[in-house]
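[1] sequence and predicted structure are below.
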Amino acid sequence: MAAARGWPRRLAAAAGALPGGGGPGRAPGPAPDTAAPATAALYVHWPYCRKRCSYCNFNTYVVPAVDEAAVRACLVREAQTLLRLSQVHSVTSVFFGGGTPSLASPGTVAAVLEAVAGAAHLPAGAEVTLEANPSSTSASVLDGFRAAGVNRLSIGVQLTLERGTALAAQVRAGALPAPPQDLLADMYHTARSVLGAAGFRHYEVSNFARKGALSTHNLSYWRAEQYIGVGPGAHGRFVLRAEGGCSREARVQTPEPVAWMREVQSQGHGTRSRAVLSPLEQLEELLTLGLRTDEGITQERWGHFSPQLSLQAVFGGPGEARALQQEGWLVLDGGGLRCTWAGLAVLDSLLPALLWQLQRVLGTARHPPREAPAEERAGGGARGL
């Protein structure tokens with residue numbers, strides 16, 4: 001597999017940033033993933049932060065000192081191992097998340113990108129995103145990341161109250177007030193209107209972008225494409241072609257960094273759990289993720305996962321989906337299945353009925369859908385990946 005042109009030069013440009021110098025149910029007739037091109041997005045998790053934010057429930061750690069050389073070596077090795085196991089020939093995007101990956105040196109980012117380009121084709125123009133905290137970056141550091149190959153920054157805004165966080169505990173104890181659900185719904189609808197008027201496309205439940213600035217990497221998740229997760233606690237969805245696999249696996253890497261590094265050093269990767277996804281589970285993920293976008297689920301994409309049962313066969317007959325269409329929440333046509341502008345705002349309340357219909361049509365129904373409370377239907381559950 002040829003390395004992409006341009007990445008060796010970027011590594012050389014960033015080599016000086018390396019510390020010390022130097023430079024991973026059952027639906028009828030599913031289409032096997034081996035029939036699809038072996039492409040995937042790649043997520044790289046840097047688990048360390050300077051402090052634990054009260055609203056964060058991600059896999060993050062605050063430690064006195066980080067052995068960056070050891071972490072870098074393990075990220076490189078795990079990326080190489082998982083790319084080899086997946087036999088991916090092209091990586092469509094790379095996303096460095098965390099944690100606070102902007103605390104890593106540009107040289108670490110460059111080393112990982114060079115490893116990826118050496119194991120698979122990484123196009124010169126591939127989207128390479130770095131999550132960044134403004135307080136941990138400077139102009140010179142950003143110049144270093146750009147030289148390493150980063151061409152997109154992600155600076156997120158937390159909109160939801162996550163269970164298990166210090167902030168949620170404070171709200172539950174009454175130390176802080178919880179915002180009224182009606183106010184959250186009003187703020188969400190106002191944001192949609194204001195951003196839409198300013199030329200931003202509301203292309204996913206909680207994501208807006210101007211023309212040409214959509215996140216290629218996140219679209220890979222929402223389109224149910226393959227992705228490989230590297231680093232402590234990272235998740236992945238891909239086929240192990242090197243082991244003769246023909247079905248997609250859900251994989252989770254060991255979350256605790258020290259344990260993860262030991263496993264990578266001993267066996268090349270730190271995969272804690274792996275499970276083959278049934279055809280039904282793959283369709284459930286496609287439905288749940290695909291409807292988050294304004295494009296919805298195209299006929300072509302559905303056909304890749306279910307060539308014998310079309311979208312029309314599953315959702316076009318009498319049932320929950322038809323009722324949701326008649327009420328103005330969904331559209332099913334030659335283009336595929338998608339939410340209306342109004343339906344996108346209340347997606348969380350639509351999914352239980354659609355999943356129930358999918359399971360029933362496939363003969364694997366397990367339980368009736370939960371009736372979502374009114375406040376959840378109003379809020380829309382705006383949470384991005």
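    Yep, that arrived.
[2] average pLDDT across stretch 319-335?
    Stretch 319-335 carries an average pLDDT of 97.
[3] listing request: residues of the chain with sub-threshold pLDDT.
    Applying pLDDT under 70 to the chain flags the ranges 1-37, 364-385.
[4] could you rerun that using 50?
    1-30, 34, 367-385 (pLDDT under 50).
[5] mind listing what's buried along stretch 337-352?
    337-340, 343-352 (16 or more other C-beta atoms under 10 Å). Where C-beta positions appear, they are placed from N, C-alpha and C, glycine not excepted.
[6] mind listing the helices for the stretch 101-250 of the chain?
    Secondary structure of the stretch 101-250 of the chain by DSSP state H, counting those that start in this stretch: the helices cover 106-119, 139-148, 166-172, 181-197, 216-222.
[7] against which helices or strands is the last one packed?
    Same thing as helix 216-222. strand 39-46, strand 90-98, strand 127-131, helix 279-290 (3 or more C-beta pairs under 8 Å, 6 or more residues apart in numbering; DSSP states H and E).
[8] show me which of the buried residues of stretch 337-352 is closest to residue 187.
    Ranked by distance to residue 187 (C-beta to C-beta), the buried residues of stretch 337-352 are led by residue 345 at 11.8 Å.
[9] count of neighbours near residue 47?
    25 (other C-beta atoms under 10 Å).
[10] re earlier: residue 178 is nearest to which of the helices and strands packed on helix 216-222?
    helix 279-290 (26.0 Å).
[11] centre of the chain to the closest one, how far?
    14 Å (C-alpha atoms, centre = their mean, to the nearest Å).
[12] that older thread, let me know which of the helices of the stretch 101-250 of the chain is tucked in deepest.
    helix 106-119 (a mean of 26; mean count of other C-beta atoms under 10 Å).
[13] that helix packs against which elements?
    Checked by 3+ C-beta pairs under 8 Å, 6+ apart, helix 106-119 has helix 7-14, helix 68-86, strand 90-98, helix 139-148 packed alongside it.
[14] and the third one, what does it pack against?
    Read that as strand 90-98. Partner elements for strand 90-98 (3+ C-beta pairs under 8 Å, 6+ apart): strand 39-46, helix 106-119, strand 127-131, helix 216-222.
[15] got a list of what residue 163 touches?
    Residue 163 is in contact with residue 57, counting by C-beta atoms under 8 Å, 6 or more residues apart in numbering.
[16] closest one to residue 57 among the helices and strands packed on helix 216-222?
    Comparing the helices and strands packed on helix 216-222 under C-beta to C-beta, the one sitting nearest is strand 90-98, at 13.1 Å.
[17] what lies in contact with the closest one?
    Under C-beta under 8 Å, 6+ apart, the answer for strand 90-98 is 37-49, 58, 60, 83, 104, 109, 112-113, 116, 120-123, 126-131, 150, 154, 216-217, 220, 225.
[18] at 7 Å what do you get?
    Contacts with strand 90-98, where a contact means C-beta atoms under 7 Å, 6 or more residues apart in numbering, come from 39-47, 49, 60, 109, 113, 116, 120-122, 126-131, 216-217, 220.
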